[in-house]
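Participant: fold the following and give me the result.
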Amino acid sequence: MKKVHLIGICGTAMAALASMLKSRGWKVSGSDAAAYPPMSDLLRGHGIDLQTGYAADRIDADLDLVVVGNVAARSNVEAVRAVELGLCCRSLPETLWYEFLVEMECRLVVAGTHGKTTTASMLAWSLESCGAQPSFMIGGELLNFSANCRLGSGTAFVLEGDEYNSAYFDRHAKFHHYRPTHLIITGIEMDHIDLFSGIDAIVAEFRQLIKALPTDGLLIAAADCSVLRELLPEAPCRVLTYGWADDADYHLLNFHASATGGRFDFRSPEGVKPFLEVAAVGRHNAENALAVGILMQELGFLQTAIAKGFKSFNGVKRRQEIIGRCGDTIYVSDFAHHPTAIRRTLDGLREHYAEYHLVAVFEPRTATSRCNLFQKELEAAFAAADEVLLAPVYGAKNLNKLEILDTEQLALAISNHGQAPARAFQLAKDILENLKERAGRKELVVLMSTGDFNGLYSSVVDMCAVVSKVEAAYKLG
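Facilitator: Residues are numbered from 1 along each chain as shown. Below is the predicted model:
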């Protein structure tokens, strides 16, 4: 039995890789700075040996492979020990390639600054609903599968193509290792300020990805992104564009918010204008669905089958996910952290829940959102909200005071622009008290953070559960 140890195993993708290796018969162990749910529960449920903290003596000479997560620095004691022993060390994407992807006929990668998790999830479910039994690994839990990875029996592997770096010894984007045969790019914007010096550095990674496509491959690209469009002539394969732009090969014509998501029409190269419905909120998800529909059609699936998959798509955990109800108040969890993602998320919810008072609750948590790079852009990002509650910047004491996002100034600017009353809180727990006081009103409260929001998510879920029990007891009485 082969033995593998994963350094930084509790990351979403690393935990998925560990589970996949376990299913292939490997003996799997791993470590992380902190073993935290839900990944810790998932790993232990698979019988994987999980250790908290890092220690050199966990790295045995008989290990066949050590997977070094991108959270591990060169000085990590386990990584250092693995090198000293001359063990085979690979990054997560390298391991995926050698152990799983090299054998796949179709490697379907979804990349882009925004929407790649949802789009990849739509693609995986569409293939599954059409009977293709795909494999997939995606940076979010697909609610249709209750998992973020699976090894299927089909010939296609769906991957979320992350532009983040692979490991301390491989500073290039993860998506290069996936060697896509078919590629969807949803757009390119500045992000990951901790890794990229500017937009040109990000564009360079996407340019390399596009130029490496096989000549018989396919690139499906967002026509509304001018930065991306400039790269399309460099593709060595066929290119199809989609979006609202008039000259897009697949041009979105209309969008209507429906009770279950959205409906849209589009013009294809053949000139037809079919009608599609997707069980996901927002015009941005109509764009995502159209990209998936194009790829599915190119793979040979019928539109009737594709449409059936769209209607039964249940979404992704932490992406516009309803996590609780309290009276007439609906609570939604979302991962939005970039100004564009915040704007699109709120615009979609505003259109879908037009009769609700829309409250945006935002925690600046990522490297990009915690700094003042997008101070001005964030002022306009909350335009669709009726009220904005801003949490303190996560880990602010460790940041340069001259570069940190000024939430007080942001709240003042949002309020002064007449968009909505906005308030910056000094403590996350004070936001919970505010939400408790207003619970029951006809409001849609959107909690936006890439982490646990200092326990706010679980506290809201618990609050809703208590209210539900009280209401149930009242009805029984």
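
Participant: so residue 358 belongs to a helix, correct?
Facilitator: No - counting by DSSP: H, G, I helix; E, B strand; the rest coil, residue 358 is located in no helix; its state is strand.

Participant: list the buried residues for the host helix or strand of residue 266?
Facilitator: Secondary structure from DSSP states H and E places residue 266 in strand 262-267. Under the neighbour-count criterion of 16 or more other C-beta atoms under 10 Å, strand 262-267 has 262, 264-267 buried. Every C-beta, even on glycine, is put in place using the N, C-alpha and C of the backbone.

Participant: what mean pLDDT does that strand have?
Facilitator: Mean pLDDT, computed over strand 262-267, is 88.

Participant: listing partners with orientation, what would you give for that strand?
Facilitator: Paired strands of strand 262-267, with direction, are strand 250-257 (antiparallel), strand 275-278 (antiparallel) (DSSP bridges).

Participant: of the ones you listed, which approaches residue 10 most closely?
Facilitator: Closest to residue 10 of those is strand 275-278 (C-beta to C-beta; 32.3 Å).

Participant: chain center to that closest one: distance?
Facilitator: Distance of strand 275-278 from its chain centroid, counting by C-alpha atoms, centre = their mean, to the nearest Å, is 23 Å.

Participant: ok now the helix or strand just after that strand, how far from the chain's centre?
Facilitator: Remark: after strand 275-278, the chain's next helix or strand is helix 283-298, criterion DSSP H and E. Offset of helix 283-298 from its chain centre (C-alpha atoms, centre = their mean): 17 Å.

Participant: name the helices or strands packed onto the very next helix or strand once past helix 283-298?
Facilitator: Using DSSP H and E, the helix or strand that follows helix 283-298 in sequence is helix 303-311. Counting contacts by 3 or more C-beta pairs under 8 Å, 6 or more residues apart in numbering; DSSP states H and E, helix 303-311 is packed against helix 116-129, strand 275-278, helix 283-298.

Participant: how about TSV for those, with distance to residue 432, mean neighbour count and mean pLDDT added?
Facilitator: What follows is the helices and strands packed on helix 303-311, written out as TSV (distance: least, C-beta to C-beta, whole Å; neighbours: other C-beta atoms under 10 Å; pLDDT from 0 to 100):
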stretch	distance to residue 432	mean neighbour count	mean pLDDT
helix 116-129	27	27	95
strand 275-278	33	18	81
helix 283-298	29	24	93
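
Participant: any chance of these in TSV, plus distance to residue 402?
Facilitator: Converted to TSV, these look like this (distance: least, C-beta to C-beta, whole Å):
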stretch	distance to residue 402
helix 116-129	32
strand 275-278	44
helix 283-298	34
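
Participant: any idea which of the ones you listed gets closest to residue 160?
Facilitator: Counting by C-beta to C-beta, residue 160 lies closest to helix 116-129 out of the helices and strands packed on helix 303-311; the figure is 4.4 Å.

Participant: how big is the angle separating that closest one from helix 303-311?
Facilitator: Orientation of helix 116-129 against helix 303-311 (axes from the mean of the first three to the mean of the last three C-alpha atoms, to 10 degrees) gives an angle of 130 degrees.

Participant: tell me the helices and strands packed up against the next helix or strand after helix 116-129.
Facilitator: Where DSSP H and E defines the elements, the next helix or strand beyond helix 116-129 is strand 135-142. Counting contacts by 3+ C-beta pairs under 8 Å, 6+ apart, strand 135-142 packs against helix 12-23, helix 116-129, strand 147-150, strand 156-161.

Participant: name the residues that touch strand 135-142?
Facilitator: If you take C-beta atoms under 8 Å, 6 or more residues apart in numbering as the criterion, strand 135-142 is touched by 12-13, 16-17, 20, 96, 100, 104, 116-118, 120-121, 124-125, 147-152, 154, 156-160, 162, 314, 316-319, 335.

Participant: now with 7 Å?
Facilitator: 12-13, 16, 117, 120-121, 124-125, 147-152, 157-160, 162, 316-319 (C-beta atoms under 7 Å, 6 or more residues apart in numbering).

Participant: rounded mean pLDDT for it, please.
Facilitator: Mean predicted confidence for strand 135-142 is 90.

Participant: render the CA-only coordinates of it in PDB, please.
Facilitator: Output of strand 135-142 as PDB, limited to C-alpha atoms (Å, rounded to 0.1, in the frame of the first residue of the first chain):
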ATOM      1  CA  SER A 135     -15.000  13.100 -11.900                       C
ATOM      2  CA  PHE A 136     -14.600  16.500 -10.300                       C
ATOM      3  CA  MET A 137     -12.700  18.600  -7.700                       C
ATOM      4  CA  ILE A 138     -14.100  22.000  -7.000                       C
ATOM      5  CA  GLY A 139     -13.400  24.600  -4.300                       C
ATOM      6  CA  GLY A 140     -16.900  24.400  -2.800                       C
ATOM      7  CA  GLU A 141     -19.400  21.800  -1.700                       C
ATOM      8  CA  LEU A 142     -21.800  20.900  -4.400                       C
END
